[in-house]
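*Asks:* Please find the sequence and the predicted model below.
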Amino acid sequence: MSGTVLALSGGVGGAKLALGLSRVLAPGTLTVVANTGDDFRHLGLAVSPDVDTLVYTLAGLADPQRGWGRRDESWHFMDALESLGGETWFRIGDADLAMHVERTHRLAAGHTLGQVTHAVVSRLGIAARIVPMSDDAVATRLRTDDGWLDFQDYFVRRRCAPAVRAVAYAGADIARPAEALREGLAGASLRAVIVCPSNPLLSVEPMLALPGVRDALAACPAPVVAVSPVIAGQAVKGPTVKLMRDLGLPASAAGVARRYAGLIDALLVDAADAEAVAEVGIEPVIARILMDDLEQREALARTVLATAAQLATLPVAERLATRTAAGRHGARP
């Protein structure tokens, strides 16, 4: 099956599937749109955590234990900063520091975040496109019992401990979606849209909050397939389940399905979650969604693409009608 594939991804979990997709698809056919709601300024530097995780992962540079940052990292910069009394709660390795310095330098010279990312991707020889969701600033913020917190303050400094009462995407309403995202969703050559196993609230919905993106995904003529980041009530990685519980949402794969109801055609899930997802009105596809090694990442990528190919055999009007019906049945709480 020919055509292009558009993947929506956050950081570590999404990057694993993005790597698998990049290895089983023909070069130049995969575009990965990265969440930038996590981006922030730290020590005067422009930091884009999800973009960098995708870049390092697809370039073969990621730390295999942590999943983020560069492998074989050293920490002399942080040690020296600590000796000076500087802020060390957000740790930047010596090699990783080069990425943030170069990005900050290029942005100050007038380049966009997309242009900077394209240059880095090309320099590192990555065959897939990695595109920030917007060149404009969007900041994921969380209202907690301690007040409003910026994402990195909540996630890194406070280690997700405060109870979350609301999530907001500051600036999303006026940010311009990346051209690859906006036009890609309606592209005639689009083979599939893949929603990677990333946190729906923190990684995917910042993209959906951009003007026109949610509607474009709902109306996308290509099959839209997502992978659950939750297995039997447990998050594969990160605070997905805790956050959903804090917000009073179903903390399960079915809860993820409800967030995506009306937007996707199928959700890859563990066998334990299939029945509950089907009740939402979204087709569950049972698969091994844990990706412990490269072989499993490639296998899941093939399963996702095979699911999209099977959905593509159905008339577009039928798929869109089913998607719309699921949206009414499983409307997000």
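*Replies:* The structure has been received and is ready for your questions.

*Asks:* Count the neighbours of the closest residue to residue 139 other than its chain neighbours for me.
*Replies:* Nearest residue to residue 139, sequence neighbours excluded (C-beta to C-beta, 6 or more residues apart in numbering): residue 170, at 4.4 Å. From N, CA and C alone the C-beta is placed, and that goes for glycine too. Number of residues near residue 170 (other C-beta atoms under 10 Å) recorded here: 17.

*Asks:* when you give positions from now on, start the count at 47
*Replies:* All set: I'll call the first residue 47, so the last point we hit is now residue 216.

*Asks:* Helices along the stretch 147-296 of the chain, start to end?
*Replies:* Using DSSP state H, counting those that start in this stretch, the helices of the stretch 147-296 of the chain run over residues 159-169, 197-198, 225-228, 251-254, 259-264, 286-292.

*Asks:* so where does the spatially closest residue to residue 103 that is not a sequence neighbour fall, helix or strand?
*Replies:* Using C-beta to C-beta, 6+ apart and skipping the chain neighbours, the partner closest in space to residue 103 is residue 61 (4.0 Å). Assigned by DSSP states H and E, residue 61 falls within helix 58-70.

*Asks:* which residues sit against the helix or strand that that helix is followed by?
*Replies:* Of the helices and strands lying after helix 58-70 in sequence (DSSP H and E), the nearest is strand 76-80. Strand 76-80 is touched from outside by 50-56, 64, 67-68, 94, 96-97, 100, 104, 163, 173-179, 224, 226-227, 230, 253, with contacts defined as C-beta atoms under 8 Å, 6 or more residues apart in numbering.

*Asks:* Output strand 76-80 as CSV - backbone C-alpha positions only.
*Replies:* The C-alpha coordinates for strand 76-80 follow below in CSV (Å, rounded to 0.1, in the frame of the first residue of the first chain):
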residue,chain,number,x,y,z
LEU,A,76,6.7,9.2,7.3
THR,A,77,6.0,12.6,8.9
VAL,A,78,6.0,12.7,12.7
VAL,A,79,4.3,15.7,14.2
ALA,A,80,5.7,16.4,17.7
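
*Asks:* Paired strands for it, with orientation please.
*Replies:* Here strand 76-80 has these sheet partners by DSSP bridges: strand 50-55 (parallel), strand 175-178 (parallel).

*Asks:* Nearest to residue 264 among these would be which one?
*Replies:* For residue 264, the closest of the strands paired with strand 76-80 is strand 50-55, at 13.6 Å, according to C-beta to C-beta.

*Asks:* what about the closest one, average pLDDT?
*Replies:* The average pLDDT within strand 50-55 is 98.

*Asks:* what residues does that strand touch?
*Replies:* By C-beta under 8 Å, 6+ apart, the residues outside strand 50-55 that reach it are 60-61, 63-64, 67, 71, 75-81, 96, 100, 226-227, 230-231, 233, 235-242, 244, 249-250, 253, 351.

*Asks:* Going along the chain, name the strands of the protein.
*Replies:* Using DSSP state E, the strands of the chain run over 50-55, 76-80, 86-88, 91-93, 175-178, 185-190, 193-196, 210-216, 236-241, 270-273, 276-277, 280-281, 312-315, 329-332.

*Asks:* Contacts only, for the residue nearest to residue 201 when sequence neighbours are not counted.
*Replies:* Distances taken as C-beta to C-beta, 6+ apart put residue 285 closest to residue 201, at 7.3 Å, once the chain neighbours are dropped. Taking C-beta under 8 Å, 6+ apart as the criterion, residue 285 is in contact with 201, 206, 245, 248.
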